[in-house]
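*Asks:* Return a 3D structure for these sequence lines:
(one chain, ligands or ions: 1)
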Amino acid sequence: MIDWGDGTYERTAEQLIDATEAALERAALRPGERVLDLGCGSGNAALAAARRGGVVTALDPSARLVAVAEARARAEGFTLRTAVGAAEALPFDGGAFELVLSVFAVIFSDAPERAAAEIVRVLAPGGRAVITAWHPTGAISEAGMLLRQALMELSGGPPRPPPPWGDPAQVVALFAPHGARVTSTDSSLRFEAPSAEAWFAEQQDHHPVWRFAERALSSRPGAWASLRERSIAALEAGNEAPGAFRVTSGYSIYEVRAR
Ligand SMILES: C[S@@+](CC[C@H](N)C(=O)[O-])C[C@H]1O[C@@H](n2cnc3c(N)ncnc32)[C@H](O)[C@@H]1O
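*Replies:* Numbers count the residues shown, from 1 in each chain. You can find the predicted model right below:
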């Protein structure tokens, strides 16, 4: 189980602000609406919603990140309700929120069907969820897939299909049994670093998922070095700025409308 409180996820979150703003724009939040930031991390979406007048609850499996979100909100004069928990078993009554936001977060659930059911359960009638999810193509997604593959091989279990979130048709099917309708739009984010190696080193030092992978693969000699080499090759192949490193990562913004 990955501990997202490990490392310094905050550094990544700083690079996702534009996606948070795009999600909030799509959500068209009205002041006074009850909002759940599901998988709040260091609180980007929770804060953006509070600034727009939302009554915000921030939830994450990482107690450390929930505390970071809370402190950031306090520093701006907002009070968040907070909870440590996960998408598959939300500790809230049915119909508790007009809006659920999940910016690159519920996509990490190991049980997407259960998470989708929970999201719809906590939405008030006519409420909506706005979820962002990376496209499965592009240099960074490819590096992510190599990492996922390496961890799957290490576990020795049967190969698991990729999560549904990169495919709009699968996301529609995920929510359809709950009577919720899904629409999607596309957007993109740009990531920059001095080089592909530097981008990888940043993840290795600070990002909880990459740190988890390095520790897990240390039991198999050469596995981490091989993953690093293949990841950097994939990043280089998608590099848009020879002499430095720049890649554009596409993502979907899903809007899920409850009945
Ligand atoms: C890439 S971060 C995104 C954080 C934040 N939403 C942001 O925009 O910076 C992924 C977040 O999802 C959370 N997460 C992972 N698995 C989860 C689950 N099953 N349910 C809810 N959140 C989860 C992690 O703890 C982490 O904070």
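
*Asks:* count of neighbours near the closest residue to the ligand within the chain?
*Replies:* Nearest to the ligand, among the residues of the chain, is G41, at 2.5 Å (CB to the nearest ligand atom). Just so you know, the C-beta spots here come from the backbone N, C-alpha and C atoms, and that holds for glycine as well. Using other CB atoms under 10 Å, the number of residues around G41 comes to 26.

*Asks:* for the closest residue to R52 other than its chain neighbours, what are its contacts?
*Replies:* Excluding the flanking residues, the one nearest R52 by CB to CB, 6 or more residues apart in numbering is L29, at 4.8 Å. Counting by CB atoms under 8 Å, 6 or more residues apart in numbering, L29 makes contact with V35, A49, R52, G53, G54, L99.

*Asks:* Need the max-distance pair from those residues.
*Replies:* Largest separation among those by CB to CB: G53 and L99, giving 11.7 Å.

*Asks:* shared neighbours, these two?
*Replies:* Contact with both G53 and L99 is made by residues L29, E33, according to CB under 8 Å, 6+ apart.

*Asks:* where exactly do the helices run in the stretch 51-200 of the chain?
*Replies:* Assignment of helices within the stretch 51-200 of the chain using DSSP state H, counting those that start in this stretch yields the ranges 63-75, 112-122, 139-155, 168-175, 196-206.

*Asks:* will you turn those into a markdown table that also has mean pLDDT?
*Replies:* Shown next, in a markdown table, are the helices of the stretch 51-200 of the chain (pLDDT from 0 to 100):
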| stretch | mean pLDDT |
| --- | --- |
| helix 63-75 | 98 |
| helix 112-122 | 98 |
| helix 139-155 | 96 |
| helix 168-175 | 98 |
| helix 196-206 | 98 |
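
*Asks:* Could I get these in CSV, plus columns for distance to the ligand and mean neighbour count?
*Replies:* Below are those laid out as CSV (distance: least, CB to the nearest ligand atom, whole Å; neighbours: other CB atoms under 10 Å):
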stretch, distance to the ligand, mean neighbour count
helix 63-75, 5, 18
helix 112-122, 7, 20
helix 139-155, 11, 17
helix 168-175, 14, 17
helix 196-206, 12, 18
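
*Asks:* Between those helices, which one is closest to A244.
*Replies:* helix 196-206 (9.1 Å).

*Asks:* what does the closest one contact?
*Replies:* Contact with helix 196-206 is made by 7-9, 11-12, 143, 191, 193, 209-211, 214, 228, 231-232, 235-236, 239, 245, as judged by CB under 8 Å, 6+ apart.
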